[in-house]
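Chemist: Sequence first, predicted coordinates after that:
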Amino acid sequence: MPTEKEHVRWKAEADFFDQVAAREMQNLLPIDVLVLRRYGARSPRRRFNKEFRFRVMGDLRGKEVLDLGCGDGSHSVLLAKFGARVTGIDISAKSIELAKLRAEINSVKDSVQFICSPLETAELPLNSFDLIWGDGILHHVIDNLAVTLQRLTRWAKPGSLMLFTEPVNFNKTLRRLRLRLPITTDATPDERPLEPHEIAIVRRHLADFQICFFSLLGRLNRFIMIDSNYEHSSLARKALVNAIACLDYFLLALPGIRNLGGVAVFYGHVSESKSETLGLTPVKQ
């Protein structure tokens, strides 16, 4: 049974993201063709966080995808545009409303479904998803991270891919410095980056866990791109962002520097034998 503390947190997060969704509702537009071209490229660039994730996922056509913390539906709709059948789940009712509208104006409403629920209490069919996508969601469930990963593993098909991007803190000194800077972000009051021992919990659930760090110098991008929009920034601004991304890519590959990244993409496949380890009955094909 959920605790009183959990109910309080769920309400606070739902209220926070309801307000965010209400603001975004005023500027709802179809996905930019430049965005589709960027993430639908034959070989997305490794040096950019989101492009790297699309590179890892490969062909999405016909795949069953679970979008955790789907928010306004931007990622759900983008994944559906590339041929996936997507289930999005989020705690915010207003975000779910916005996601449904976004799916409709992008002509993918028959390829997506949305569920309003905390991850910790959601009921989804076992062995159902080829891919589980999470963008900045696990650091919201830190207190229940192990249980959440167990639930995700149950919902995933054996051998399916789990792919997450999360803020991380592998260097406490850098974290203390960051907290002293006057940088505002859209963040709920109690959230914090994942730390190494929490990444280790995720690692235990994935047979071939891999991690790649981003956002060392890339933290400056918010001051370079107009409204954080890469596609519609000037050539000069994009060139600077590209140069920073290249420098980050090489610096964060070095053992002594990689842990200074502020964001990590980590991924791996659910064990083919997970049905046995979790006590599940395999689904007959």
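Modeler: Looks like it came in fine.
Chemist: in the stretch 151-285 of the chain, which ranges drop under the pLDDT threshold?
Modeler: Scanning the stretch 151-285 of the chain for pLDDT under 70 picks out the ranges 173-190, 274-285.
Chemist: Now do the helices in it.
Modeler: Assigned by DSSP state H, counting those that start in this stretch, the stretch 151-285 of the chain shows helices spanning 172-180, 196-203, 221-224, 235-251, 274-277.
Chemist: Adding mean neighbour count, write those out as a markdown table.
Modeler: Where C-beta positions appear, they are placed from N, C-alpha and C, glycine not excepted. Shown next, in a markdown table, are those (neighbours: other Cβ atoms under 10 Å):
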| stretch | mean neighbour count |
| --- | --- |
| helix 172-180 | 11 |
| helix 196-203 | 15 |
| helix 221-224 | 13 |
| helix 235-251 | 15 |
| helix 274-277 | 16 |
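Chemist: Export these as a markdown table, with columns for distance to K157.
Modeler: Shown next, in a markdown table, are the helices of the stretch 151-285 of the chain (distance: least, Cβ to Cβ, whole Å):
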| stretch | distance to K157 |
| --- | --- |
| helix 172-180 | 37 |
| helix 196-203 | 18 |
| helix 221-224 | 36 |
| helix 235-251 | 32 |
| helix 274-277 | 9 |
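Chemist: Check this structure for its longest strand and report it.
Modeler: strand 156-167 (DSSP state E).
Chemist: Quick one: distance of stretch 205-222 to the chain centre.
Modeler: Its chain's C-alpha centre and that of stretch 205-222 lie 12 Å apart, by Cα atoms, centre = their mean, to the nearest Å.
Chemist: Quick one: end-to-end distance for that stretch.
Modeler: End-to-end span of stretch 205-222 (Cα to Cα, to the nearest Å): 34 Å.
Chemist: Same check on stretch 136-143?
Modeler: The straight-line separation of the ends of stretch 136-143 (Cα to Cα) is 15 Å.
Chemist: And for stretch 112-132?
Modeler: Per Cα to Cα, stretch 112-132 runs 14 Å from first to last residue.
Chemist: all strands for this structure, in order.
Modeler: Using DSSP E, strands in the chain cover 64-68, 85-90, 112-116, 129-135, 156-167, 210-214, 263-269.
Chemist: Make JSON lines from these and add distance to S76 to it.
Modeler: Shown next, in JSON lines, are the strands of the chain (distance: least, Cβ to Cβ, whole Å):
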{"stretch": "strand 64-68", "distance to S76": "5"}
{"stretch": "strand 85-90", "distance to S76": "4"}
{"stretch": "strand 112-116", "distance to S76": "5"}
{"stretch": "strand 129-135", "distance to S76": "9"}
{"stretch": "strand 156-167", "distance to S76": "14"}
{"stretch": "strand 210-214", "distance to S76": "22"}
{"stretch": "strand 263-269", "distance to S76": "18"}
